[in-house]
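A.B. asks: Could you look at this predicted model? Sequence included:
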Amino acid sequence: MSFLQQSLLWGLFAASIPIIIHLLNRRRHRTVKWAAMEFLLKATRESRGKKKLKYLVILACRTLAIAAVIFAIARPLVGGFLGWGGTRIDTVILVLDRSASMEQQASYGSGGNRESKRQSAIASVRKSLEKLNNPRLILIDSATGTPQDVPSPDALEELSATSATDTSASIPSLISNAIDYVVENSPGRTEIWVASDLQESDWAPEQGRWEAIRTGLIDLPQKTTLRVLSLASPAQNNTAIRVLSSRRSGDELVLDLELTRTDHEGPSAVPITYSLNGARSSNKVTINGQSYQFQKRLPLGNRESVGHGFVSIPSDTNPRDNVSFFAYGEDAPTTTYLVTEGGEAPTWLTLASAPPGFGRSRCIELAPNNAHKIEWPGAALVIWQAPLPQGTVAQELARYIEAGGAAIMLPPRGESETTFLGLNWGEQTISPRDQYFIINEWDQADGPLRNGAEGTAIPVPKLKAIKRRQIIGEATTLASWDDAQPFLVRRIIGDGTAIFAATLPDYTWSNLGDADVLLPVVQRMIAVGDARFGSAFAAISGSSQAKTAAGEVRTRLDSHATSTTSNAAYEAGVWKLGDRLLATNRPQSEDQWQILTKNRLGALLEGTPYKLFEDQGQSDSLTQEVWRAFLIAMLVFLTTEAILCLQPKVGNSKS
Amino acid sequence: MKYDFLDPQALARLGAIPLEARHAMTGNVTGRHRSPHRGSSVEFAEYRKYVQGDDTRRLDWKAYARSDRYYIKEFEADTNLRAYFVLDASGSMGFSAADDARIQFARKLAATLAYLIVDQGDAAGLSVCQEKIHLEIPPTRRAAHLNHIFEVLSKTEPSGETGLVEALHTIAEKVGQRALVIILSDLFCDTNALADALQHLRYRKHDIAVFHMLDQQEIDFDFERPHRFVDMEDKTSVVAEPILIAEDYRKAMQEFMHTVQTKCHDVHADYHLITTNQDYEEIIHNFLTTRLPKKGKK
């Protein structure tokens, strides 16, 4: 609880007046001569205990009544957000979650219109700041992540830095920024207010940096309270649409689409509008379940090699996930570098990485001693079928993987003493005569051997090996031979992935070259490595790719909406950035509605001075003046005092 | 008038109402009150059979003619009344809140009633009691005797502890003939001992009248602030908060009044609870009128 007129709390000393009067009265008694002393003494003996307690209660009521009046005129504020102890604050650092999920409309605003969680949070913060006599406000929004001084809370709703975006939010980064700001600027008595919908993907509870955040908050020179304004009310009646991929196929544009909805009670038909190069069409898709993936082919009548468009569904409780943009054109080729000792394996590996007919894929074969020729920045995949690298090449390969690259490590034919990423090759083993090493079990949910989107399993059991090599070291096993030895293991380093396979696509080793297993593994690894480039035509809103490079001018091409210049980099749309054509969309994580539970939040911020306020949308302010409650309390105390003071009616004793 | 507790006008108004005894009295001379003995008044009492030694002059010859038996016709004897005023002069009788002190009120009652009694030819006496009987004036019918009573009343000042119970026992023992004993007191004493004393008086066939004199403040106990209460008899004191004890005090006082009233009724005493803020003339008027015989009965 805090008070707007805190100085008036000195008046609480007035609550001692009844006690003082009581004590003075006891001292300043009058003396009377009394005849009926016998009854007086008898009454005095009998009136201890209950009567004394009653009198003490009366005295307490008087004291509390005065205290209640003082509290009332000091204008107390409550509302879990500020809570007890929220006294004078010099600076408030507002960490505002502007992610797409914050556009979920949760409550009705003052005008009767539905307002988004973001708008609700801003309005609440603004009113709370007004009640705190407008301390200095520093805004750290999730899109830019940089602190900026806000001259007045009234300006909050008008700032482009508080407007809606199609980005995600990295709450740990934002809190770290806030802590850094406090450390660098020493802004006096400071509170960090985090307004967020507690979307789990934004809070990233699995990140190791939370430990640093906890330490940072505790170690701040002055006690800084972290107050979390939770707008975690569950999304309702919301349907989202997303373009998973778009590609040309002859004279058609093939769109892989996904519909997701919060309510999944029975089937419902969702009208979808397709806009391709300005031409619109629509149809209805029936969704039965929580999500539905489907494909849509749009004819490219004008045969233009470059184009763009969007798919949209009718507006619902979150307008930000009702549209998804796409653009297409001639993609840059994906490059696979194959470092090989030669033999039969390179043939199959080349075929798997650059299948005939896939014009945008190419495979460059290099001998181990030419590995330094690999152009790491442009590599989608590195296949290493040779003794494990060492020296500079090993360092570069590791850096490449850390930066988001993908690598497949295949066993060398000869000896390999080197260790790479904590793994190395063990001895070769050959299966007994007329027997094969076969795959006993593999991870069908994750990794390159996972099932297809339709649930079809990869025919891994078809793989038969007569020769294999042991993989030594700690790594995640994705597939195992029937004798529990690993066939495929994975190491995730930084943003990238390296897998080690225990046999070769060589007839003297196995039938891996039959493509049943090799092709999906290689193509999926290419997709992993290629993801760091993104598509040439698709990007995540707010990512570095979606920002203008030096000399580039941003122009919005789609007709779905218009954008302000300052906020355009964080909004979804189809853009012309210099010579680039780019469709930006909200990140996929924004369509995941998992909410961070109170317990997990408590675990994340354990030991820090944090307070959680759950805004259920009923209140237009984080704080409420509760002087009425104190006046009512005063009335209750006075009424109680009056009732207790009422003497029992004495009957007329006169005869 | 010489004495401030006497009001001639009130005496004139009250003089029209006689003071009647509720029981038979045994006086020295003929008076207006019923005697337990048979006498020569005109009031027929009863017939009784003639026994040897009766005066034949009192035989009812008409009854003999009717019944052929000898009957003696007896008549009531009328005698005078002797009233003893027992005035409690303990320290508590000096209590005064806003009105007259209790002792002054008692003086008015005693003096007025004594005047009326003597005026109607009866005898009035006075006992002033403190820890023991302090002063006793035997009852006489002489008007000059009144002056002596008034003089003692005017000089009596309340002090010390009460000796009422002992005084009543003394009167019961000393006064052999039936008399009217009028008690003027706050009765702040042991109620059981008081009941015994009243019983003693009643046993001696005295007619008892009790004026239980209290102050309204003693009953209401309407103090607000804490007070130091000093006992008027033994001077002990206690500081008390009225808000804490008022309820219990009132309860105890009501219990006391009820007990006293019950004890008085048990001995057929003429009990009157009076407060000092009442009009004493009205109190005497009520006292006298309630003692008048019922219609058709002497």
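C.D. replies: Nice, I can see it.
A.B. asks: Can you list the helices and strands that whichever strand or helix holds A:F500 packs against?
C.D. replies: For A:F500, the element it lies in under DSSP states H and E is strand A:496-501. If contacts are counted by 3 or more Cβ pairs under 8 Å, 6 or more residues apart in numbering or on different chains; DSSP states H and E, strand A:496-501 sits against helix A:391-402, strand A:406-410, strand A:486-493, helix A:518-531. All C-beta atoms are positioned from the backbone trio N, CA, C, and that covers glycine.
A.B. asks: Surely A:C645 is in contact with A:V57?
C.D. replies: No: applying Cβ atoms under 8 Å as the test, A:C645 and A:V57 come out as separate, 10.5 Å apart.
A.B. asks: Give me the pLDDT value at the closest residue to B:P18 other than its chain neighbours.
C.D. replies: Using Cβ to Cβ, 6 or more residues apart in numbering or on different chains and skipping the chain neighbours, the partner closest in space to B:P18 is B:Q120 (5.5 Å). Note for B:Q120: predicted pLDDT of 83.
A.B. asks: Neighbours of the closest residue to chain B within the stretch 51-200 of chain A, how many?
C.D. replies: Closest residue of the stretch 51-200 of chain A to chain B, Cβ to the nearest Cβ: A:K51 (4.9 Å). Residues lying near A:K51 (other Cβ atoms under 10 Å in any protein chain shown) number 18.
A.B. asks: tell me how far stretch A:46-54 is from the chain's mean position?
C.D. replies: Going by Cα atoms, centre = their mean, to the nearest Å, the spacing between the C-alpha centre of stretch A:46-54 and its chain's C-alpha centre is 63 Å.
A.B. asks: the domain parsing of the chain - what is it?
C.D. replies: The chain I'm using is chain A. Here the domain parsing of chain A from automatic domain parsing is A:2-31+A:41-78+A:633-645, A:91-234+A:594-622, A:239-330+A:535-591, A:334-531.
A.B. asks: if you could check chain B rather than the one you did, that'd help
C.D. replies: B:8-23+B:81-291, B:33-79.
A.B. asks: I'd like the ones you listed written out as CSV, with distance to A:I374 and mean neighbour count added.
C.D. replies: As requested, the domains of chain B are arranged in CSV below (distance: least, Cβ to Cβ, whole Å; neighbours: other Cβ atoms under 10 Å in any protein chain shown):
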stretch, distance to A:I374, mean neighbour count
domain B:8-23+B:81-291, 98, 19
domain B:33-79, 149, 14
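A.B. asks: Tell me what A:L94 is bridged to.
C.D. replies: A:L139, A:W193 (DSSP bridges).
A.B. asks: quick one: contacts for it?
C.D. replies: A:125, A:137-140, A:150, A:156, A:193, A:195 (Cβ atoms under 8 Å, 6 or more residues apart in numbering or on different chains).
A.B. asks: same deal with A:E365?
C.D. replies: A:338, A:340, A:346, A:350.
A.B. asks: Tell me which helix or strand it sits in.
C.D. replies: strand A:361-366.
A.B. asks: Mind listing what's buried along that strand?
C.D. replies: A:361, A:363-366 (16 or more other Cβ atoms under 10 Å in any protein chain shown).
A.B. asks: Which parts of chain A are helices?
C.D. replies: Taking DSSP state H as the criterion, chain A carries its helices at A:17-27, A:37-46, A:50-73, A:117-131, A:171-185, A:200-203, A:209-218, A:345-353, A:391-402, A:518-531, A:598-604, A:627-645.
A.B. asks: Return the set of buried residues in the fourth one.
C.D. replies: When you say that, I think you mean helix A:117-131. So for helix A:117-131, counting by 16+ other Cβ under 10 Å, buried means A:117-129, A:131.
A.B. asks: Could you dump these into TSV with pLDDT and distance to A:V243 added?
C.D. replies: Listed next are those as TSV, based on pLDDT from 0 to 100; distance: Cβ to Cβ, whole Å:
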residue	pLDDT	distance to A:V243
A:K117	87	25
A:R118	89	24
A:Q119	87	27
A:S120	86	30
A:A121	87	29
A:I122	89	30
A:A123	86	33
A:S124	84	35
A:V125	86	35
A:R126	85	37
A:K127	80	39
A:S128	81	40
A:L129	82	40
A:K131	73	45
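A.B. asks: Report how many residues lie close to the residue of the stretch 251-400 of chain A found nearest chain B.
C.D. replies: Closest residue of the stretch 251-400 of chain A to chain B, Cβ to the nearest Cβ: A:T317 (63.8 Å). Number of residues near A:T317 (other Cβ under 10 Å) recorded here: 18.
A.B. asks: wait, doesn't it sit right on A:P234?
C.D. replies: No: using Cβ under 8 Å, A:T317 makes no contact with A:P234, being 10.8 Å away.
A.B. asks: Would you verify that B:G160 is located in a strand?
C.D. replies: No: assigned with DSSP: H, G, I helix; E, B strand; the rest coil, B:G160 falls outside any strand and is coil.
A.B. asks: Would you mind confirming that it makes contact with B:Q130?
C.D. replies: Yes: using Cβ under 8 Å, B:G160 makes contact with B:Q130 at a distance of 4.8 Å.
A.B. asks: Need the residues touching each of those two.
C.D. replies: Common neighbours of B:G160 and B:Q130 (Cβ under 8 Å, 6+ apart) are B:S90.
A.B. asks: what sits against A:S282?
C.D. replies: A:S282 touches A:271-274, counting by Cβ under 8 Å, 6+ apart.
A.B. asks: Mind pulling up the pLDDT for the residue at minimal distance from the centre of chain A?
C.D. replies: In chain A, the centroid-proximal residue (Cα atoms, centre = their mean) is A:D202; its distance is 1.0 Å. With respect to pLDDT, A:D202 scores 90.
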